[in-house]
Structure formats: C-alpha cells, structure tokens
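Asks: below: sequence and its predicted model.
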Amino acid sequence: MAKVNGGVSAEFMAKGTCNGHGNGVVSTEFKANGKVSGELHANLHRKEKMGDGVVLEHGNNIFSSFSLLPFETENDSNGDACFSSQIPGWYADAPPLWPESATAGKIVILDGYLQLSEKDEFVYQEMMTHLALCSIPNPKKVLLIGGGDGGILREASRHSSLEQIDICEIDKMVIDVYKQFFPDIAVGFEDPRVSVYIGDGVEFLKSVPQATYDAIILDAFHVMGPGAQEVADRHFLESVARALRPGGVLSSPAESMWNKNFILEDIVADCRKIFKGSVNYAWTTVPAYSSGVVGFMLCATEGAPVDFKNPINPIDGVPNHGVTKGPPKFYNSEVHTAAFCLPSFVKGRRSKN
C-alpha cells in the first residue's frame, strides 16, 4: 500500500505494555530517499501510577513525535518498553528491539495512514484480489498500482491462469522494507510472473496500450467516497477503463459505510459514468481500520457481462497456492457473495443533490 506521487516515509509501530499495565504506542520511523534511515522517532505516552498497581495512561492517540537520539533508556523488566531519561515519566520503545504486540503484531503507518497489521492484513489483501479475479473467467493479465507490501501479489499468485502480473510502485524503499521486515507478506514478489515497475502509477497507466489487462487493482490512492481525490478524478478513471479489455474489471478500496457522508448511490453513479458494465460496492471487516469496516468498488467495462456477486472462477479447494504456504485465511466463495449484501441503512441513504 503506497502513494502514487509525492515523497514517502514509512513508520512501523505497535502497541506494547509497560510493567504489565496498559498499552503504550511505540514506533520506529524510516525516512525515504532510497535508503532506510536509522533515525528513531518515538510517539511517547505518559504513564502515571495511581496506587495498588493501577496505571493511568495519557496519550492513547498519537499526537507528537520526539527525536530521542542519542537515546538513553532504562529497560523495563519485561523488555516491552523503556523509560526515557530525557523526558522523565514518559516511555518509548528502545532500539534495537522491534516493536511487537501480542494482539496485532507489527503495524505499518505510511505517511500518517494505517496500512496494515500482521493480525488481519490477509483480510484486505484477499478481498481486494479475489473479489475481482474470481468474478471473471480465465484472467491472463493483471496490473497492481501500489501494493508495495506484496500481499496482493501473494494472493494473485493463487490464480494459475495468470500469465502476467505487473506492479507499479512509486518507491522502491517500500518494497525493500517489506521484504526485510514482513517476508510472509512480501513473498508475493517471488512469483516469476511478477514484473516490477518503479514509478508514478498515473503516468504508467498513460503508457499502457488500450485493452491490455483483464483486471486492474488500485492500492495506491485515497479510497472511493466523500474523501476521494485522485481516484475520483475522471481522467484517471478513464485511463483505467481504457487499459482494461472489454469485460475487464477494476478493484479499488472504497469508503466505509460508517462514514456519515457516505452515499452509495453517488459513488456508483460516478463510476458508471466511466465503466459501462457492472458496478458494485462490497465490504468486509478489518479490525485494524477505523470503524472496523473497509469497502471495495468493483467496476467492469462494457463487454461480457460480469456478475460480481457470484464468483465464476472460484479458488475454493484449489490445490495451487502460488507462492503462499496454504489456502486463503478469510476469502471463500460464500464470503465473496456475502460481501455484497448491504445493511438497510446503506440502501436507504439518499443523496441530497
């Protein structure tokens, strides 16, 4: 998951405990420029003892970063966190320990946005990939814009019909860091069908010949919805549609239905102006994300009809797992169909325009 343009800095963080009480957020930030920086930035949280083992924690939300180098610490008894001698009463993760959480594992923040947690990353990766690829017969060529973590590539590798898996990622550092620290996710890059292009995804699409891909997966933009920017740009979506063959499909993250400004009919209407085939909204639960819900827009170009709600290219029980070690942990054909079932309040919410 990465940006298409602009500088990128990757911040890896996780919740840890101090003296067995409460949660504190710790982070290590790597500055981009092609290299991983050793500079440590920690988001600090104050711990105040209230007596009888009760600990009051201040700052559960990230609100500040302090450069603590040179870093002087006093190690905690369980090794999860430590105290800063420069800022008494505050604690932070100390190098060279890698921040871990018993509940979520390592967590990735990119340019201030949560990207994934080890606990539930597979949900997003599997749904983004298979909602599209399982809805069309015999896909041959797929393009991923962003997705430098390699998780969507990992899932695409399950589809034996694919002959060409292209990825355009703007920052090689993102790929390198995931390969180093998240090998089980970045394993997708090991598929020999994968070709990596480092560059701006918008510019890359402009160079793609018409009707090249069976599926395009966008994992590099703001979600479709009231806060959308690049993805909502008509010219960009037109370039996506142009790069898809007739009956080809787009898979893109969309806004959560719990966003108070979310109006499904508006999003669908915007997509149908460009994609002349089926347009559907799906959703699933990802605990790490705000509201615990993430949406997906599935759009098809004019051509052979695409019924997104009923997978015609199932991977249930398929012995081929690509470069992965086993079958999907979340996705199956039943979950696929259920993802398009919408609550009544979403169906009933109407545009004010």
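Replies: Noted; the coordinates are in hand. Note that the structure is predicted; figures quoted are calculated from it, not measured.

Asks: contacts, neighbours, all on C-alpha from now
Replies: Fine.

Asks: now do the helices in this structure.
Replies: Taking DSSP state H, the helices of the chain run over residues 121-133, 151-156, 172-181, 183-186, 201-207, 234-243, 264-272, 333-338, 344-348.

Asks: would a markdown table of these with mean pLDDT be doable?
Replies: Shown next, in a markdown table, are the helices of the chain (pLDDT from 0 to 100):
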| stretch | mean pLDDT |
| --- | --- |
| helix 121-133 | 97 |
| helix 151-156 | 98 |
| helix 172-181 | 95 |
| helix 183-186 | 97 |
| helix 201-207 | 93 |
| helix 234-243 | 92 |
| helix 264-272 | 92 |
| helix 333-338 | 98 |
| helix 344-348 | 91 |
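
Asks: residues in contact with stretch 330-349?
Replies: 122-123, 126-127, 130-131, 257, 263-264, 280-284, 309-311, 314-316 (Cα atoms under 8 Å, 6 or more residues apart in numbering).

Asks: switch to 6 Å and redo it
Replies: The contact list for stretch 330-349 (Cα atoms under 6 Å, 6 or more residues apart in numbering) reads 123, 282, 283, 309, 310.

Asks: what distance do you get for the residue lying closest to the fourth one once chain neighbours are set aside to residue 348?
Replies: Counting by Cα to Cα, 6 or more residues apart in numbering, the nearest residue to residue 309 once its immediate chain neighbours are dropped is residue 337, at 5.0 Å. Residue 337 sits 21 Å away from residue 348, going by Cα to Cα, to the nearest Å.

Asks: who's more crowded, those two?
Replies: The neighbour count for residue 337 versus residue 348, taken as other Cα atoms under 10 Å, is higher for residue 337 (15 against 11).

Asks: quick one: that one from residue 256, how far?
Replies: Computed as Cα to Cα, the residue 337 to residue 256 distance reads 18 Å.

Asks: likewise residue 149?
Replies: Distance from residue 149 to residue 256, by Cα to Cα: 22 Å.

Asks: ok, and the helix or strand in the protein with the lowest average confidence?
Replies: The helix or strand of the chain with the lowest confidence, counting by mean pLDDT, DSSP states H and E, is strand 66-67 at a mean of 24.

Asks: which parts of the stretch 251-353 of the chain are strands?
Replies: 279-285, 293-300 (DSSP state E, counting those that start in this stretch).

Asks: let me redo that: the stretch 51-200 of the chain
Replies: So, for the stretch 51-200 of the chain - with DSSP E, counting those that start in this stretch - the strands run 54-58, 66-67, 73-75, 82-84, 90-92, 107-110, 113-117, 141-146, 164-169, 194-198.

Asks: least confident of those, on average?
Replies: Lowest mean pLDDT within these: strand 66-67, a mean of 24.

Asks: so where's the stretch 201-350 of the chain shaky on pLDDT?
Replies: 221-232 (pLDDT under 70).

Asks: recalculate using a threshold of 80.
Replies: 220-233, 350 (pLDDT under 80).

Asks: tell me the confidence at residue 68?
Replies: For residue 68, the pLDDT comes out at 23.

Asks: over to residue 24?
Replies: pLDDT for residue 24: 35.

Asks: now do residue 105
Replies: 86.

Asks: wait, it sits on residue 121?
Replies: No. Using Cα atoms under 6 Å as the test, residue 105 is too far from residue 121 to be in contact (10.5 Å).

Asks: any idea how far residue 311 is from residue 122?
Replies: 19 Å.

Asks: residue 111: how many residues sit nearby?
Replies: Residue 111 has 14 neighbouring residues, counting by other Cα under 10 Å.

Asks: look up how far residue 128 lies from it.
Replies: Shown here: residue 111 relative to residue 128, a distance of 21 Å by Cα to Cα.

Asks: same check on residue 191?
Replies: 18 Å.
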